[in-house]
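Asks: Below: sequence and its predicted model.
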Amino acid sequence: MSVTTPDDLPREGRLARLRGAPATSGLLVALVTAFVASTLDPDLVERFAKVSARVRAGEVWRLFTASFLHGSLVHIAVNGFALFTIGPTVERLYGRVQFLLIFLLGGAAGFAASTLYVEQPSLGASAGLFALLGVLLGFAVRERARIPRAARRAMIQEILTVAGLNLALGLMVPFIDNAAHAGGFVGGLALGLALQPRGPR
């Protein structure tokens, strides 16, 4: 069975791709809705962000809910654009259900790493977004026999460059949670090696 790779995807416009990616669109709506809700009720951030002491005390749901919260309009705009860029490709490769699982489980893995290494509260979709990058790397490794060598090399190089630049930025900006990013990326990579991509549609 052949597998659809990013290079095989139709050369349609980004907005057209988003219309063909309902899970990505729905996730974007959920992020915006959560941001508006937290703006109207700031207590939501306190109740659902990753707070290491609270997670260790048993509030494990924070590992999942923190991915839906953002601290500012710039924060959600940057993460929303990244999701808009990466999401449709991952959804096309893995389908709606697995795409959402990757975002949720990868984000939770990221915030679990943050719980271990970062005491400050943390929130944002970027842990799940790093999981989407990680799953694409896992896809490139898992399906290496089915992807042309040059395309696979370019794909891996681009993924590692994007991830590396973002992690480097995190080292220079104190309030960026690099542990969550790294944990999300590793979690996504593991899922990319484990999950079966769907065939072409």
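Replies: Thanks, I have the structure now.

Asks: Tell me the secondary structure at the one residue sitting closest to the centre of the chain.
Replies: By Cα atoms, centre = their mean, the chain has its centre lying nearest to L129, at 1.9 Å. Using DSSP: H, G, I helix; E, B strand; the rest coil, the structure places L129 in helix.

Asks: List the contacts of it.
Replies: 79, 82-83, 86, 103, 184 (Cβ atoms under 8 Å, 6 or more residues apart in numbering). Where C-beta positions appear, they are placed from N, C-alpha and C, glycine not excepted.

Asks: Now, the residues you listed that are in helices?
Replies: Counting by DSSP state H, the part of the contacts of L129 found in helices is 79, 82-83, 86, 103, 184.

Asks: pLDDT-wise, what's the bottom of the residues you listed?
Replies: Among these, A82 carries the lowest pLDDT, at 87.

Asks: how many neighbours does that one have?
Replies: 19 (other Cβ atoms under 10 Å).

Asks: any idea how far it is from Q196?
Replies: 25 Å (Cβ to Cβ, to the nearest Å).

Asks: Please apply the same query to G106.
Replies: Look at G106 and Q196: by Cβ to Cβ, they are 17 Å apart.

Asks: Compare the two (neighbour count), which wins?
Replies: Remark: of G106 and Q196, G106 carries more neighbours, 30 against 10, as counted by other Cβ under 10 Å.

Asks: residues touching the more buried one, list them.
Replies: 127-128, 130-132, 134-135, 184, 187-188, 191.

Asks: what's the closest of those to F35?
Replies: G128 (14.9 Å; Cβ to Cβ).
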